[in-house]
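> for reference, the sequence and a predicted model appear below.
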Amino acid sequence: MIRKIIFIVLVIIALTVLWSVFKSFRESPTSVTNTFFQTNFLSEITSLITGPLTVGSTRSPAEVDLDELGEFSPVAGMIEIVKDTDTVNVDDIFYEYVEIRANKDNAQPINISDWSLQSMISDTWIGIPQGTELYVAGEVNELQDIYLRPGESAIIATRQSPVGVSFRVNRCSGFLSDTQDFEPTLSSLCINPREVVPPTIENLKEFGDACVTFSENFQRCAYVTSNVNGFSGLSQACRERIQPRLTHNFCNGVYAKDSDFYSAKEWRIFLNQNDPLWKESYEIIRLLDENRRTVDVFNY
């Protein structure tokens with residue numbers, strides 16, 4: 001059926017073209033004859049079917065010469081900017097960040113706290129701050145220089161820190177996402193709620209079936225509050241068992257000494273700005289070391 005319809009349409013188009021040529025031939029025979037034989041007949045039909053085609057606009061990256069980058073750092077090649085325009089080509093500061101990554105073959109950690117990022121177009125320059133290795137919620141955290149270990153990365157967000165400081169991501173950091181928003185989202189390993197009240201005879205007798213069921217079905221990296229579904233059916237003993245254990249700080253205390261505690265291999269660094277830093281297009285971002293020497297450049 002479809003083939004028949006297509007055939008009929010092509011026949012109608014062909015007859016239309018021929019009629020147009022014949023009509024013009026009667027009016028000016030010589031001119032039309034020359035034009036007809038200089039024109040590809042199939043191309044005429046194709047043009048009638050598809051109409052004029054438009055080509056989408058392209059955008060070349062902002063250009064930068066090698067001599068414009070100045071002196072290169074001795075650690076150039078050991079740390080690089082991840083070339084992802086989706087993290088900088090945005091108009092919402094919440095989503096704007098630059099990611100840098102240490103080469104996995106580096107021999108030792110590299111201190112980046114005295115480094116800076118610069119827009120070579122707007123001449124905006126901003127230093128990379130210190131952070132805390134082990135963030136503790138509800139306390140004033142001591143700041144220290146940030147070292148990127150081999151294979152480790154840093155998400156350098158333009159916006160204010162949701163928790164007040166920059167920090168190294170660990171397996172308990174997912175709890176922070178339960179009360180604050182992060183972009184990209186934090187890993188959600190944390191402590192397994194089932195481990196807090198496993199279905200042992202002792203726990204079933206002391207805390208009850210509802211408590212064990214609640215623990216088995218509760219999501220990781222979430223605080224237990226009175227608004228949580230099923231909370232009202234828990235005994236007081238159950239609440240006192242679960243609530244303090246399903247927290248960021250308790251999770252830190254349980255896992256901080258484990259070899260995979262920092263398995264995310266990532267820092268979250270916040271530049272604490274109120275407005276976007278990077279242009280949506282035609283931008284050149286330069287990573288500079290403590291002596292303002294070029295470590296890497298990202299142009300788009």
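On my side now, so go ahead.
> who's in contact with residue 75?
The neighbours of residue 75, taking Cβ atoms under 8 Å, 6 or more residues apart in numbering as the test, are 110, 289, 295. C-beta here means a position set from N, CA and C on the backbone, and glycine is covered the same way.
> just the ones of those residues in strands?
Among these, the residues falling in strands (DSSP state E) are 110, 295.
> most neighbours out of the contacts of residue 75, which is it?
residue 295 (23 neighbours; other Cβ atoms under 10 Å).
> show me the contacts for it.
Contacts of residue 295 by Cβ under 8 Å, 6+ apart are 72, 73, 75, 76, 79, 80, 115, 287, 288, 289.
> the closest residue to residue 208 other than its chain neighbours: neighbour count?
Distances taken as Cβ to Cβ, 6 or more residues apart in numbering put residue 235 closest to residue 208, at 5.5 Å, once the chain neighbours are dropped. Using other Cβ under 10 Å, residue 235 is surrounded by 13 other residues.
> poorly predicted segments of the chain, please.
Residue ranges of the chain with pLDDT under 70: 1-58.
> change it to 50
Along the chain, segments meeting pLDDT under 50 span 2-4, 21-22, 25, 28-55.
> can you list the domains in it?
2-50, 66-169+264-299 (automatic domain parsing).
> reformat these as TSV; add distance to residue 229.
Output for the domains of the chain, formatted as TSV (distance: least, Cβ to Cβ, whole Å):
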stretch	distance to residue 229
domain 2-50	53
domain 66-169+264-299	24
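> what's the most buried one of those?
Mean neighbour counts were taken over the domains of the chain using mean count of other Cβ atoms under 10 Å, and the top value, a mean of 17, falls to domain 66-169+264-299.
> mind checking how far that domain is from the chain centre?
14 Å (Cα atoms, centre = their mean, to the nearest Å).
> coming back round to it: which one of the contacts of residue 295 is nearest residue 258?
Residue 258 has its nearest neighbour among the contacts of residue 295 in residue 79, at 26.9 Å by Cβ to Cβ.
> element containing the closest residue to residue 106 other than its chain neighbours?
Closest residue in space to residue 106, ignoring its immediate chain neighbours: residue 150 at 4.2 Å, by Cβ to Cβ, 6+ apart. For residue 150, there is no host helix or strand (DSSP states H and E).
> residue contacts, residue 150?
Counted by Cβ under 8 Å, 6+ apart, residue 150 has contacts 102, 103, 104, 105, 106, 107, 108, 109.
> pretty sure the second one contacts residue 76?
This means residue 103. No: in this structure residue 103 lies outside contact range of residue 76 using Cβ atoms under 8 Å: 10.7 Å.
> and the gap between the nearest residue to residue 290 once chain neighbours are set aside and residue 135?
The shortest distance from residue 290 to any non-neighbouring residue, by Cβ to Cβ, 6+ apart, is to residue 114 (3.7 Å). Going from residue 114 to residue 135 by Cβ to Cβ, to the nearest Å gives 21 Å.
> gap between the closest residue to residue 288 other than its chain neighbours and residue 127?
Closest residue to residue 288 apart from its sequence neighbours, by Cβ to Cβ, 6+ apart: residue 116 at 4.9 Å. Here the criterion is Cβ to Cβ. By it, residue 116 lies 5 Å from residue 127.
> what ranges does the stretch 151-300 of the chain have for its helices?
193-196, 201-207, 209-217, 236-242, 248-255 (DSSP state H, counting those that start in this stretch).
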